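Undergrad: Next come a sequence and a model predicted from it.
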Amino acid sequence: MPEPAEIDVAHVARLARLNLTEEETTLFQTQLQRVLEYAAKLQEPDTSQVETAAHAVPLFNVFREDEPRAWFTAEESLSNAPHQANGLFVVTKVVE
Amino acid sequence: MTLSDLPALNVAELQVLLRRREVSPREVLEALQKRIEEIDPQIGAYLSIDFEDAFRQAETADVNLPLGGVPIAIKDMISVAGQPCTCGSKILRNYRALYDATVVRKLRAAGAIPFGKTNMDEFAMGSSTENSNVRPARNPWDVTRVPGGSSGGSAAALAAGEAFAALGTDTGGSIRQPAALSGVVGLKPSYGRVSRFGVVAFASSLDQAGPLTKTVRDAALLLNAMAGHDPRDSTCLNESVPDYTRRLGRDLKGVRLGLPREYLVDGIDRQVRAAIDAAAAYFQSLGAEVVDVSLPHTDYAVAAYYMIASGEASANLARFDGVRYGHRAEKAQNLFEHYGRTREEGFGPEVKRRIILGTYVLSSGYYEAYYDRAQKVRELIRRDFAQAFEKVDALISPTSPEPAFPVGERSADPLRMYLADVFTIAANLAGICGISVPCGFAQMEGGTRLPIGMQLLGKALDEESILRIAHAYEQSTTWHKERPPLAENAHASAAAAASAARRPIQL
């Protein structure tokens, strides 16, 4: 088992689109490093005979008929929007 | 008894009065409202309540339905149409659900009245309800201590007589652990037994909704209404639903119970250990056989859980982007700033920590070492249980290694908080069912008594067995009848105030 890599909290926070304060970054750095050191024990058991489990319950290919049905109106869908106009969600500018 | 005594009743008792027309659904709600107004400022069990809507529902309630006219508190993670669903988070502070979760729709169809949303750790991440971004909830047995979590509001409401029954969700113990710490019953159904549609997702391969109640029979009554296939949740199993009250009785002859030897290790509070040993001996006197079993991969469960749960959470919480719903940062100059600040301002510390951890374990280069590895270990844990259940009908353990801890004691040490989930977590990884029932009290310095919970784990989809075993134990003990002094006092003062307008009710 390789030594657990040093987690770079500032980098991961950028990947997660989550701004952190400097204090949070430092605190999480220490706390999560400890959690990952603890998680190193996952390398101990022999898993060579084990398939990766995505679920505890075997369920495959659940399909339903592709039929139209009544759902929310545009107005209902917008009812929780923090910013809307003309029946549309307003987003922050993406392109110049 | 009088109307002011009503909130102390359990669901089955309340139904008797409702069906005999001794009380009306409206009177039940009025008594509940009074109790909540009086006691909840000390407890913080509720985040929002809509009595106006509840009284409207009460007008047309059919008391002959399975849960007819029974008010039910709903964890604020589960959608109730037209009501807030904050998940204890600032990011959903102004959000209102547009539709009922399937479990809520089913409870309504059974006649129940959803009336209020209960407090919780933000997005169900925590074991104390201290991570609620609205306010922390307190333990009715000692308001300087936590009620457990994350469904701490639901558990505290029941213990304080502010609810008849409640819904919670359980991703790693979030129904069972607060039930144990607050002295009530909590049932986590098997994965796929209950629909997750309309339940805000934390870790999709682990989450299940379930009941918290005052008695085991009530838990069976609620599960009857909640369980079953839902085409809107592709992981919800298409398996028939038995009447979970059918096999409730007292006799445990022929039942085999297992004590997992890996669970009875150092680090368990002395009084908790003594209560479990006493319960195991007691089961034998009820006719059950108690044997040692082994779950060899127990030591890896907490690590596997925090890799999987955090990974899935980081993906699920990506939807909170400040566009379609929820908090949005003001005056962002570009999209990165929009996302980064929206999420910085909206999420609390524990959620941020888990998003970072989850993003890390899913990221390129670390996925195999952490997330994929954890999923393999999960399969080993599932096999441990499958082997144990070849020998026994259910497993007994403490629900939590310790009784309720003081508010603030653990918040600075996340790893220590995580490690206390050791007994409950494996059931979610393995997809099996579990229930926590009161099994004793810890005597604390200063005379405070804190409830102790016993966990029974059963095979996937065998809720009938753990309900039967838990019920037999409960009905031959008196732990579930005890109420916290705070609830007794509220009860006594309400009774005195109501004595002028006394109206006797035959129970």
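TA: Structure received. Numbers count the residues shown, from 1 in each chain, chains lettered A, B, ... in the order given.

Undergrad: And for chain A, the residue most distant from the center?
TA: A:Asn86 (31.2 Å; C-alpha atoms, centre = their mean).

Undergrad: what residue is smack in the middle of chain A?
TA: A:Ala16 (7.7 Å).

Undergrad: Was I right to think that one contacts B:Leu357?
TA: No: with contact defined as C-beta atoms under 8 Å, A:Ala16 does not count as touching B:Leu357 (10.0 Å). Glycine gets a C-beta too; all of them are placed from N, C-alpha and C.

Undergrad: Next, show the common contact partners of these two.
TA: B:Ser314 (C-beta atoms under 8 Å, 6 or more residues apart in numbering or on different chains).

Undergrad: follow-up on the earlier one: next, the contact list for the residue nearest to the centre of chain A, please.
TA: B:Ser314, B:Arg343, B:Ile355, B:Ile356, B:Thr359 are the contacts of A:Ala16 under C-beta under 8 Å, 6+ apart.

Undergrad: Just the residues contacting the lengthiest helix in chain A, thanks.
TA: Taking DSSP state H as the criterion, chain A has its longest helix at helix A:22-39. Helix A:22-39 is contacted from outside by A:4, A:6-7, A:9-10, A:13, A:20, B:302-303, B:306-307, B:349, B:352-353, B:356-357, B:360, B:370, B:374, B:414-415, B:418, using C-beta under 8 Å, 6+ apart.

Undergrad: tell me which residues in the helix or strand just after it are buried?
TA: As assigned by DSSP states H and E, the chain's next helix or strand after helix A:22-39 is helix A:74-77. Going by neighbour count (16 or more other C-beta atoms under 10 Å in any protein chain shown), the buried part of helix A:74-77 is A:Ser77.

Undergrad: Starting from the helix or strand that helix A:74-77 is followed by, tell me which strands it pairs with and how they run.
TA: Using DSSP H and E, the helix or strand that directly follows helix A:74-77 along the chain is strand A:84-85. In the sheet, strand A:84-85 lines up against strand A:88-89 (antiparallel) (DSSP bridges).

Undergrad: For the partner strand, give the mean pLDDT please.
TA: Mean pLDDT, strand A:88-89: 96.

Undergrad: can you list the residues that contact it?
TA: Taking C-beta under 8 Å, 6+ apart as the rule, strand A:88-89 contacts A:Leu78, A:Ala81, A:His83, B:Val323, B:Arg324.

Undergrad: and those, which are buried?
TA: Using 16+ other C-beta under 10 Å as the threshold, A:Leu78, A:Ala81, B:Val323, B:Arg324 are the buried ones among these.

Undergrad: Against chain A - does stretch B:324-342 have any residue that ends up touching it?
TA: Yes: Stretch B:324-342 reaches chain A (C-beta under 8 Å from any C-beta of the partner chain) through B:324-328, B:332, B:334-341.

Undergrad: Distance of the closest residue to A:Leu78 other than its chain neighbours relative to B:Phe320?
TA: Distance criterion C-beta to C-beta, 6 or more residues apart in numbering or on different chains; nearest residue to A:Leu78, sequence neighbours excluded, is A:Gln84 at 4.9 Å. Look at A:Gln84 and B:Phe320: by C-beta to C-beta, to the nearest Å, they are 17 Å apart.

Undergrad: how about the helices in the stretch 151-300 of chain B?
TA: Taking DSSP state H, counting those that start in this stretch, the helices of the stretch 151-300 of chain B run over residues B:152-159, B:176-182, B:216-226, B:270-285.

Undergrad: any chance of these in CSV, with distance to chain A and mean neighbour count too?
TA: Formatted as CSV, the helices of the stretch 151-300 of chain B follow (distance: least, C-beta to the nearest C-beta, whole Å; neighbours: other C-beta atoms under 10 Å in any protein chain shown):
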stretch, distance to chain A, mean neighbour count
helix B:152-159, 22, 36
helix B:176-182, 17, 35
helix B:216-226, 17, 26
helix B:270-285, 23, 16
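
Undergrad: what's the farthest-apart pair in the buried ones among the contacts of strand A:88-89?
TA: Pairwise distances across those peak at 11.0 Å for A:Leu78 and B:Val323 (criterion: C-beta to C-beta).

Undergrad: Output the longest helix of chain A as CSV - backbone C-alpha positions only.
TA: Provided in CSV are the C-alpha atoms of helix A:22-39 (Å, rounded to 0.1, in the frame of the first residue of the first chain):
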residue,chain,number,x,y,z
GLU,A,22,-7.9,30.3,4.6
GLU,A,23,-8.9,29.1,8.1
GLU,A,24,-11.2,26.4,6.6
THR,A,25,-8.5,25.3,4.2
THR,A,26,-6.0,24.9,7.0
LEU,A,27,-8.4,23.2,9.3
PHE,A,28,-9.8,20.8,6.7
GLN,A,29,-6.2,20.0,5.6
THR,A,30,-5.4,18.6,9.1
GLN,A,31,-8.8,17.0,9.7
LEU,A,32,-9.1,15.3,6.4
GLN,A,33,-5.5,14.1,6.4
ARG,A,34,-6.3,12.3,9.6
VAL,A,35,-9.4,10.7,8.0
LEU,A,36,-7.4,9.6,5.0
GLU,A,37,-4.7,8.1,7.2
TYR,A,38,-7.4,6.2,9.0
ALA,A,39,-8.9,5.1,5.7
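
Undergrad: and that helix, how far out from the chain's middle?
TA: In this view, helix A:22-39 has its centroid 18 Å away from the chain centroid, taken as C-alpha atoms, centre = their mean, to the nearest Å.

Undergrad: which of the residues in it are buried?
TA: For helix A:22-39, by 16+ other C-beta under 10 Å, it's A:Glu24, A:Thr25, A:Leu27, A:Phe28, A:Gln29, A:Gln31, A:Leu32, A:Val35, A:Leu36, A:Tyr38, A:Ala39.

Undergrad: Kindly provide the whole-number mean pLDDT of stretch B:330-349.
TA: 96.

Undergrad: what's the span of it, first residue to last?
TA: Distance between the two ends of stretch B:330-349: 21 Å, counting by C-alpha to C-alpha, to the nearest Å.

Undergrad: Tell me which residues of it come out buried.
TA: If you call a residue buried by 16+ other C-beta under 10 Å, then stretch B:330-349 has these buried ones: B:Ala332, B:His338, B:Tyr339, B:Gly340, B:Arg341, B:Thr342, B:Arg343, B:Glu344, B:Gly346, B:Phe347, B:Gly348, B:Pro349.
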